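Peer 1: return a 3D structure for these sequence lines:
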Amino acid sequence: MDRYGCLNEKIANEIQQYEATYFTYDEPVPFCGLQIYPIIMRNYNDFMLVNPCLTLNKNETLEGLKQTHLDFLIGKLNDQEEGQLWTLRLSKLFELIFHLKDGVWCPQCGNTMTYAEFITQHREILTQEKPEEEKLVACPKCGSTQLEAMIRYVADPETKKYKLVVAGHSIDAAAFERLRQIVMYQNLPDYYDDSKIDPDLKKDYAERIRIKSQKSGKATTEKKIVCVAAKTSYKMDELYNMPIRKFLMLLTAVDDAIQYEATRVGMMTGMVSMKEPPEHWIYKKETDVMGDAYKSLDEFKSEMSQV
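Peer 2: Residues are numbered from 1 along each chain as shown. Modelled structure (predicted):
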């Protein structure tokens, strides 16, 4: 199965078009009057903490099967126990991808204020001797008092369906489906949507990944950055500000090149024997994203024990 196997045809075609026109050149993607910006490595850990807003799988619950992914997410925002956490995640996610700080904005002139700025101005107004009707925070740019939350969700009065409103731009359930995929494929070059894969198969696959990781160990984000700096001419600050997508592709390319060159040297010295020459690191073929997940778990464990 390729990386687009679980997407509907329309979204899969859109993603592949964006890869050729926007992702390749680290350009922002136009979306519902907004711009979806690629996230940089400096914000990698934050992105991994908040992207569950996009990867939530509604199909894993009976209630979710009847909902859109947007309705399912809004249900999380309204949850009494975890609602605040999900609200903070969504706020940070939109800050990263839209380059908008959560707060209030002025529909009249488009000026924005953070909540900290809004609260400070509100406190100042309360200390002034003014009539109650004049004790409203006004836009510092145009003076309008008709301010709105930067990020909010509303229900359509006719259809009762929810939509997100970000700086005055509406994102309905269909647009949110597109947003989920655009952001993930834009930033993670090896990402694939597994929401339609059988849960038992995904559970087995996760176990295989865990077993494999025991053989190779893990590297922190910091260590990956240091290793790329050690093997390339990039400076640390350049890597911090590099789009996540490009950094991960660079990291893979460096690793593939080292392994290829080591194998070639081994073959020339007679220390390595192969029936066919190694696949060139630039032209490596994409493998099935689920790899050997289709084998039985017992068979996989047996193979790994012999490695």
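Peer 1: helix or strand: which one has the spatially most central residue of the chain?
Peer 2: Nearest to the centroid of the C-alpha atoms of the chain, with distances taken as CA atoms, centre = their mean, sits residue 184, at 4.1 Å. Per DSSP states H and E: residue 184 is located in helix 173-187.
Peer 1: helices or strands next to the helix or strand that contains residue 46 in the packing?
Peer 2: For residue 46, the enclosing helix or strand under DSSP H and E is helix 44-50. When contacts are defined as 3 or more CB pairs under 8 Å, 6 or more residues apart in numbering; DSSP states H and E, helix 44-50 sits against helix 83-98, helix 244-269. C-betas here are computed from N, CA, C, even on glycine.
Peer 1: which of the ones you listed comes out lowest on mean pLDDT?
Peer 2: Per-segment mean pLDDT for the helices and strands packed on helix 44-50 reaches its minimum on helix 244-269, at a mean of 92.
Peer 1: pLDDT score for residue 133?
Peer 2: According to the per-residue confidence, residue 133 scores 57 in pLDDT.
Peer 1: ok, back up a step: touching the helix holding residue 46 from outside, list them.
Peer 2: Applying CB atoms under 8 Å, 6 or more residues apart in numbering, the contact partners of helix 44-50 are 39, 89-90, 92-93, 96, 187, 221, 244, 247.
Peer 1: among those, which ones are buried?
Peer 2: The neighbour-count test (16 or more other CB atoms under 10 Å) marks 39, 89-90, 92-93, 96, 187, 244, 247 as buried among the contacts of helix 44-50.
Peer 1: residue contacts, the residue nearest to the centre of the chain?
Peer 2: When the contact criterion is CB under 8 Å, 6+ apart, the partners of residue 184 are 51, 54-55, 191, 193.
Peer 1: among those residues, which ones are buried?
Peer 2: In terms of neighbour count (16+ other CB under 10 Å), the buried residues within the contacts of residue 184 are 51, 54, 191, 193.
Peer 1: which pLDDT value goes with residue 74?
Peer 2: pLDDT, residue 74: 96.
Peer 1: that one against residue 152, yeah?
Peer 2: No: here residue 74 lies out of contact with residue 152, judged by CB atoms under 8 Å, at a distance of 10.9 Å.
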